[in-house]
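K.L.:
Curious how this folds, go ahead:
(one chain, ligands or ions: 1)
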Amino acid sequence: MCNACKGNYYITTPIYYPSSNLHIGHAYCTVATDTMARYKRLQGYNVKFLTGTDEHGQKIEEKAKEAGVTPQQFVDNIVLGEKGVLDLWKLMNISYDRFIRTTDDYHVAAIQKIFKKMYDNGDIYKGSYKGKYCTPCESFWTESQLVDGKCPDCGREVHDAEEEAYFFRLSKYADRIQDLLENTDFLEPRSRVNEMVNNFIKPGLADLCVSRTSFTWGVPVDFDPGHVVYVWIDALFNYMTALGFENDKYDDLNDFWPADVHFVGKEIVRFHSIIWPAMLMSLDLPLPKKVYGHGWLNFNGEKMSKSRGNVVDPYVLSERFGVDALRFFLLRTFPFGSDGNFTNEMLISTINTDLANTLGNLVSRTVAMNQKYFGGQLGQGGAAAPLDEELKALAADVCAKYEQQMDKFQFSVALNEVFRLLDRANKYIDETTPWILAKTEENKPRLLTVMKNLCECIRLSAILITPMMPETARKIFDMLNVPAAARTWDAKCYCADENAVWNTVTGAVLFPRIDMEKELAALEELSKASKKPAIEIEPYAEENVDFDTFCKSDFRAVKVKACQNVKKSNKLLQFTLDDGTGTDRQILSGIAMYYKPEDLVGKTLVAITNLPPRKMMGRESCGMLLSAVHTVNGEEKLNLIMIDDAIPAGAKLC
Ligand code: MSP
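P.N.:
Sure thing, here's the model as predicted:
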């Protein structure tokens, strides 16, 4: 720990699964963690901010297989590749101090040692995992996960099976964990404690299966080949291996463990508040001081996912609105412990209201008036008035309340405080009417003080928004020519007296107003363009046909001479076809919901012609027209196979 600093502070984000690129919901937690890390640094703490990627597990192994690459190549691409995780954190100004990848050698070796230690102390034991097994999917399911008694993934039969596996004695720690949750501030917000205790601990904590043999992409259990360590054990210990636990790569454990806080999304609170402390207890290690479970962001009321396209892509959003505006929106709008609904309308209106109108206008009006009335130079002197005292008192109150809220991770409430000051400063302009004061020479001293008060309010606000919008704060400080020492946390004392001097310069507009309608339309277009349809295809036939049988099928090019709906049928179309024989061929086809008959006249189609004739709605059908059937975004589609019109009627297709 350095002498001048207030102490060490260790904060972490969950490490991300690089199974696909991240969306704005993923970025939420990292932006919040970055804000907290910057706040603590601003206050003078020696901060260690850890983030990283959680790269093992069956899902990654499967995705890599689908992509035709090795799992390592697959994760390398998502983590290190263009617009990958590292690029994103750079773009979003994430000031992490350390980045861990669970495939890093030092981490893998440490996990093997940790697993062995728990095995040696008796908390990990070998047992057997019983469940319903789906052979094609190589997956175990519990009774309650089955759908109609079948595999929830592929719908096929499952059977009782048993597999050798290692278990962690989680049950042994149930009482201690319950005590930790109920009687300390270990887990926040408080509502999450009730969830954990009532849903998981009270019904009884079963021992946890901590090894797998059905796939290989994981940390191998070195004393029992064939087993890999359960991905959550591998992942949770990242918080300590990244400081040097059980490895020589780092040496920060004494300074930074136990962590001050782990920020995690609500769905992984269970792992962090039950399994994680139990494993630490097993190894007799200090527990982290706090786990904070934040809420989830939905998009337009639905679960956020990459398949929603560009509109949730942090790259696209940052490019269109700016990184600081995006960071600000996430923190200002959604109370950190609760769920929130992200909409583009809200994003744009928050930027317009808070950033363009309130903050941006205050800065640009103040700087412009300084320029106009004083050539940007506010020298010594001035004339105070009682109103100034009110502003000063409010500023002090805002700073104090901001700090209280930041210390509780209530970023949105802390920002409300900053906006209380900004709103008050804007009102102060209307009350003091600088443009009227500027008209008479005798009011110049009063005008000078008014402008100094405004600059001071802006300077203080810029200090307070530094953790959320570091670039914007810097731009504001630069426009006001604030010296480095006056940009710090300790420089929050309000000073607009006769001795204060300012030298301000006009700069670019901080947040241009966005035309809501135009922007929403542009985003809609982008979203449409980026959405890939989810195509489902029929399963392939399991049985082969022999070649001779196939060759017996007589496929021919046919031209549509006439086509009409069949009376009383909303499915059937009746085709009159030229099949090259000189005699018309009639085929009935159940495709009326996909085509208008008149649109098909003149088209060249493919018919199988040697099927026995069939009667449909009293009419004879001699053959079948070929079409493609598939499902797009859940909707069944059909396309007739249309071939080149240059192919003559009757041509044999083979
Ligand atoms: N790899 C685990 C974490 C291991 S930590 C030892 C994991 N990874 S994840 O990539 O699936 O999720 C990372 C974080 O993103 C989680 O905290 C999760 O809650 C968060 N979010 C994912 N989608 C989110 C939203 N739509 N909204 C807010 N947070 C979301 O879990």
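K.L.:
C-alpha from now on. contacts and neighbour counts both.
P.N.:
Fine.
K.L.:
Residues of the chain that sit close to the ligand?
P.N.:
Proximity of the chain to the ligand is confined to 14-17, 25-26, 28, 54, 235-236, 264-267, 296-298, 304 under the rule CA under 6 Å from any ligand atom.
K.L.:
From these, list the buried ones, please.
P.N.:
14-17, 25-26, 28, 54, 235-236, 264-266, 296-298, 304 (16 or more other CA atoms under 10 Å).
K.L.:
quick one: the strands in the stretch 551-654 of the chain?
P.N.:
Remark: strands assigned in the stretch 551-654 of the chain by DSSP state E, counting those that start in this stretch are 555-565, 573-578, 584-589, 604-608, 614-616, 619-621, 624-625, 627-632, 635-640, 652-653.
K.L.:
Would you point out which residue of this protein is nearest the ligand?
P.N.:
Closest to the ligand within the chain is Gly265: 3.1 Å, counting by CA to the nearest ligand atom.
K.L.:
contacting residues for that residue?
P.N.:
Pro14, Cys29, Gly293, His294, Gly295, Trp296 (CA atoms under 8 Å, 6 or more residues apart in numbering).
K.L.:
the helices in the stretch 101-250 of the chain, which residues?
P.N.:
Applying DSSP state H, counting those that start in this stretch to the stretch 101-250 of the chain gives helices spanning 105-120, 174-183, 190-196, 231-236, 238-241.
K.L.:
Give me whichever of these is most buried.
P.N.:
helix 238-241 (a mean of 24; mean count of other CA atoms under 10 Å).
K.L.:
Which residues does it contact?
P.N.:
For helix 238-241, contacts defined as CA under 8 Å, 6+ apart pick out Thr12, Leu50, Ile100, Thr102, Tyr106, His107, Ala110, Asn247, Leu253, Trp257.
K.L.:
got a pLDDT number for the closest residue to Phe271 other than its chain neighbours?
P.N.:
For Phe271, ignoring the flanking residues on the chain, the nearest one in space by CA to CA, 6 or more residues apart in numbering is Trp232 at 7.7 Å. For Trp232, the pLDDT comes out at 95.
K.L.:
next one: the one 4 residues further on
P.N.:
What the model reports as pLDDT for Leu236 is 98.
K.L.:
Secondary structure element holding the closest residue to it other than its chain neighbours?
P.N.:
In space, and not counting its chain neighbours, Leu236 is closest to Trp276: 6.6 Å by CA to CA, 6+ apart. Assigned by DSSP states H and E, Trp276 belongs to helix 276-282.
K.L.:
What helices and strands are in contact with the helix or strand that comes right after that helix?
P.N.:
On the C-terminal side of helix 276-282, the closest following helix or strand by DSSP H and E is strand 291-294. Packing contacts for strand 291-294, counted by 3 or more CA pairs under 8 Å, 6 or more residues apart in numbering; DSSP states H and E, involve strand 187-188, strand 261-265.
K.L.:
neighbouring strands for the next helix or strand after strand 291-294, and are they parallel or not?
P.N.:
Next helix or strand after strand 291-294 toward the C-terminus (DSSP H and E): strand 297-299. Neighbouring strands of strand 297-299 in its sheet, by DSSP bridges, are strand 302-303 (antiparallel), strand 340-342 (parallel).
K.L.:
Which of the helices or strands spans the most centrally placed residue in the chain?
P.N.:
In the chain, the centroid-proximal residue (CA atoms, centre = their mean) is His26; its distance is 2.2 Å. His26 belongs to helix 24-43 when assigned by DSSP H and E.
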